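[1] kindly generate the corresponding structure for this input.
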Amino acid sequence: MTTTIIENGQIIDGTGSEPRQGIVVVKDNKIDYIGDASGYTKTGDETVIDAGGNTVLPGFIDTHVHMMFEYAPLQQRLTTPFSYMFYQAMAYMKKTLDAGVTSVRDALGTDLGVKRAIEDGLIQGPRIQVSINALTITGGHGDGMQLNGDVFDISPSGYRGMPNGIADGVDEVRKKTREMLRAGAEVIKVHATGGVLSPTDHPEFTQYSFGELSAIVEEARFRKGVKVMAHAQGAEGIKNAVRAGVHSIEHGIYLDDEAIELMKENGTYLVPTLLAPVSVLETAEEVGMPQSAVEQSAEVIEAHQASFAKAYQAGVNIAMGTDAGVFRHGTNLRELSLMVDCGMTPMDAIVASTKSAAECMGWEDKVGTLEQGKLADVVIVKGNPLEDIDSLSNPNNILTVLKDGELVKGQ
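    Residues are numbered from 1 along each chain as shown. Now for the predicted structure:
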């Protein structure tokens, strides 16, 4: 049994409680003790990590990523061999860990083999909950057919372990949900509206009907309560999804008052991804973003921020998510600054990125807070993020990262 003591740090445990001084004791892969140093007797055999007066937190959780890709110019994608993406993803996963993100929910593109490779220690990466691929309508967000008839999917599909996600009508979506579950999906992803990156639709366009969404939710629940996450940007599509029993709304750009009330009544989570359209505009020229994506990103930012602020003030459940993959991996924690800019307190932003994110994923029994018996996902960050939340945006300020009790970054 290996024991590690983290001492000389301010502890923010992820529950929303006030910071406190103390130590965190890790035995093997779990937290054994957290509290005053006087409450733990050292044996002398422990490994000691000196936090240096900095801040100790739970590993952060991003509930909306795409670990298998980063948006790249079309010519680069066309000239990159298929299997190369798996090796690229190894670098993306390391960047994610180095940013202090130890658990993620993959919103399409990562298959079961990648998840198992991480779990078996073949590669290093965050703990992943996979959706496999997203369900989408013909011609909707996620259908890669361009106006000239060529197909350029942002993420490859149709290979072993990665079913194509296009399905129309109640019978087809039931079957497609079953295919995703067969492939290992732990959460079902569905596109309930159009999106910013779609060439043939708009974020406000409603896609799946209430009946289709209800069938997807029902089919998922048959499999031991698997939840459904819905890419939903327009108000009508959001309301269809919430009424159908979808667990989380991804993006939520055009929330109206009725949608917010429905989300509160149903306990639906909002995963805002405020960083996505901002990053699209920042990197558009470099990565060859389509002009339609640039224009739609510029169009939605103000409404997106206003919707988030209204949802937060109304008390909607919020879990941090970014859409990393649409932009560079490893920049995930910029999302906290954007949430704070929209009115969220720094402590609430941290809770949304730890405790609430774990609850959204159904993993609250093992990660999300620094509590005895939970998995030892622990980070040490430079300074005090409650005083400078933007400091988390720089991965260089993430000094130490433990995942499952294993030191993956730092001393």
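
[2] how is Val56 assigned, secondary-structure-wise?
    Using DSSP: H, G, I helix; E, B strand; the rest coil, the structure places Val56 in strand.

[3] can you name the residues that contact it?
    6, 9-12, 24, 370, 378-380 (Cβ atoms under 8 Å, 6 or more residues apart in numbering). Heads up, the C-betas are built off the backbone N, CA and C, glycines and all.

[4] run the last query once more with 7 Å
    By Cβ atoms under 7 Å, 6 or more residues apart in numbering, the contact list for Val56 reads 6, 9-11, 24, 378, 380.

[5] buried residues in the helix or strand bottoming out on mean pLDDT in the chain?
    Every helix and strand of the chain was ranked by mean pLDDT, DSSP states H and E. The lowest is helix 74-78, at a mean of 83. Across helix 74-78, burial judged by 16 or more other Cβ atoms under 10 Å covers Arg77.

[6] now the element after it, going C-ward?
    Later in the chain than helix 74-78, the nearest helix or strand by DSSP states H and E is helix 84-98.

[7] buried ones in the helix or strand following that next one, by neighbour count?
    Using DSSP H and E, the helix or strand that follows helix 84-98 in sequence is strand 101-106. Buried residues in strand 101-106, counted by 16+ other Cβ under 10 Å: 101-106.

[8] can you give me the helices in the protein?
    Along the chain, counting by DSSP state H, helices occupy 74-78, 84-98, 112-119, 170-182, 210-222, 235-244, 257-266, 275-287, 291-314, 334-341, 346-352, 355-361.

[9] which helices and strands does the fourth one pack with?
    Here helix 170-182 touches strand 134-135, helix 210-222, going by 3 or more Cβ pairs under 7 Å, 6 or more residues apart in numbering; DSSP states H and E.

[10] can you tell me what sits against the longest one?
    This points to helix 210-222. Contacts of helix 210-222 (Cβ under 7 Å, 6+ apart): 135, 169-170, 173-174, 177-178, 188, 190, 192, 226-228, 240-241, 243-246.

[11] quick check: ChimeraX command selecting the buried ones in those.
    Remark: buried members of these, expressed as a ChimeraX selection using 16+ other Cβ under 10 Å:
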select :135,170,173,174,177,178,188,190,192,226,227,228,240,241,244,245,246
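
[12] partner residues bridging the closest residue to Ile11 other than its chain neighbours?
    Nearest residue to Ile11 in three dimensions, chain neighbours excluded: Val56, at 4.9 Å (Cβ to Cβ, 6 or more residues apart in numbering). Val56 has these beta-bridge partners by DSSP bridges: Ile11, Ile380.

[13] make 15 the first number, not 1, from now on.
    Fine by me, first position is 15 from now on; the one you just mentioned is Val70.

[14] and Val70, how far is that from Val395?
    Going from Val70 to Val395 by Cβ to Cβ, to the nearest Å gives 8 Å.

[15] and what of Leu421?
    15 Å.

[16] for Met22, give me the pLDDT.
    Not Met; residue 22 is Asn. Here the pLDDT value assigned to Asn22 is 97.

[17] ok, Ala86 next?
    Looking at Ala86, its pLDDT reads 82.

[18] what's around it, how many residues?
    By other Cβ atoms under 10 Å, the residues close to Ala86 number 14.

[19] equivalent analysis for Asn162, please.
    Counted with other Cβ under 10 Å, Asn162 comes out at 5.

[20] which of the contacts of Val70 ranks first by neighbour count?
    Val392 (29 neighbours).

[21] list the contacts for it?
    20, 38, 70, 72-73, 384, 416.

[22] please narrow these to those residing in strands.
    20, 38, 70, 72, 416 (DSSP state E).

[23] any idea how far Ser171 lies from Tyr54?
    Applying Cβ to Cβ to Ser171 and Tyr54 gives a distance of 50 Å.

[24] that older thread, a markdown table for the helices of the chain, including distance to Gly339?
    Listed next are those as a markdown table, based on distance: least, Cβ to Cβ, whole Å:
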| stretch | distance to Gly339 |
| --- | --- |
| helix 88-92 | 13 |
| helix 98-112 | 8 |
| helix 126-133 | 13 |
| helix 184-196 | 18 |
| helix 224-236 | 23 |
| helix 249-258 | 22 |
| helix 271-280 | 25 |
| helix 289-301 | 10 |
| helix 305-328 | 14 |
| helix 348-355 | 14 |
| helix 360-366 | 20 |
| helix 369-375 | 17 |
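
[25] nearest approach to Asn162 belongs to which of those?
    Ranking the helices of the chain by proximity to Asn162 (Cβ to Cβ) places helix 88-92 first, at 12.5 Å.

[26] tell me how far the closest one is from the chain's mean position?
    26 Å (Cα atoms, centre = their mean, to the nearest Å).

[27] for stretch 229-244, same thing?
    19 Å.

[28] count the neighbours of Met107 for me.
    Neighbour number of Met107 under other Cβ under 10 Å is 26.

[29] do I have it right that it meets Met81?
    Yes: counting by Cβ atoms under 7 Å, Met107 does reach Met81; the two are 6.1 Å apart.

[30] who has more neighbours, Leu421 and Val395?
    Per other Cβ under 10 Å, whichever of Leu421 and Val395 has more neighbours is Val395, with 25 against 15.

[31] my read is that that one contacts Ile412, right?
    Yes: using Cβ under 7 Å, Val395 is in contact with Ile412, at 5.7 Å.
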